[in-house]
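A.B. asks: Kindly return the folded structure for what I paste below:
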Amino acid sequence: MDSALRLNIASDINRHHELACLRADEAINHAAEAGKLLLEVKAALKHGEWLPWLEENIFVSARQVQRYMQVAQGRPLPLRALVTKPKPQANAKPVSHLVVDAPRLFPGGPPVAEFVPEAGQCYAVILPDTTVFAVEPSLKHPGYFFVSKMDATTDVVDYTRRPVAAAWVEVNLQYFGLENPASAAWRTKPSAGVVEALGTFPECAA
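C.D. replies: Got it, this is the predicted structure:
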């Protein structure tokens, strides 16, 4: 971890996050300041250290991290997208941004899949470029899974809007860019299930 980072930079980011949530009239300014600090941290850290640093230091939610960085980069966002209730626990999900309806319904039945996740298990694989793919079981729909991908170069997360049946997980992973899910070095952990994508992330990748 880069020792040049200010010791209190994480607390400063968390403070701006709280102020953005509590004072709507000042939310944009505080969100921008939090985003600038996040960008500062990301630029200072070595390759592969960004996600662990977020996990250990920041309680800003997954979507808020991405939004704050976007505001700092001058991208317009509605105020309602910035003001959320602060989370009482640290270590929220890493950056999340793009929700997509990945393929799950094609003519005929599901494809013949080599990779079929098991119920009660969450899966994560980290590629050499630190791109992360995750597969998490649905709490409300047993036998169905959320599929996610975090692009390390853009900090954008793509994930399925709704859970997909186990037989459709492989084709969704391929849609997101994981060419051969069956040969991936998956890390697995028991999971009772999640109600939305990235509910067990980054713990499932640890």
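A.B. asks: And what about residue 68, helix, strand or coil?
C.D. replies: Secondary structure assignment for residue 68 (DSSP: H, G, I helix; E, B strand; the rest coil): helix.
A.B. asks: For whichever helix in the chain runs longest, enumerate the helices and strands it packs against.
C.D. replies: Secondary structure of the chain per DSSP state H: the longest helix is helix 27-44. For helix 27-44, the packing partners by 3 or more C-beta pairs under 8 Å, 6 or more residues apart in numbering; DSSP states H and E come out as helix 9-22, helix 50-57, helix 62-72. (Glycine included, C-beta is placed from N, CA and C.)
A.B. asks: what's the most buried one of those?
C.D. replies: Most buried of the helices and strands packed on helix 27-44 by mean neighbour count (mean count of other C-beta atoms under 10 Å) is helix 62-72; its value is a mean of 23.
A.B. asks: what packs against it?
C.D. replies: helix 9-22, helix 27-44, strand 156-160.
A.B. asks: want to throw the ones you listed into JSON lines with mean pLDDT and distance to residue 198?
C.D. replies: Converted to JSON lines, the helices and strands packed on helix 62-72 look like this (pLDDT from 0 to 100; distance: least, C-beta to C-beta, whole Å):
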{"stretch": "helix 9-22", "mean pLDDT": "74", "distance to residue 198": "18"}
{"stretch": "helix 27-44", "mean pLDDT": "85", "distance to residue 198": "18"}
{"stretch": "strand 156-160", "mean pLDDT": "82", "distance to residue 198": "6"}
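A.B. asks: Could you point out which of the ones you listed sits nearest residue 144?
C.D. replies: Among those, strand 156-160 comes nearest to residue 144, with 9.7 Å by C-beta to C-beta.
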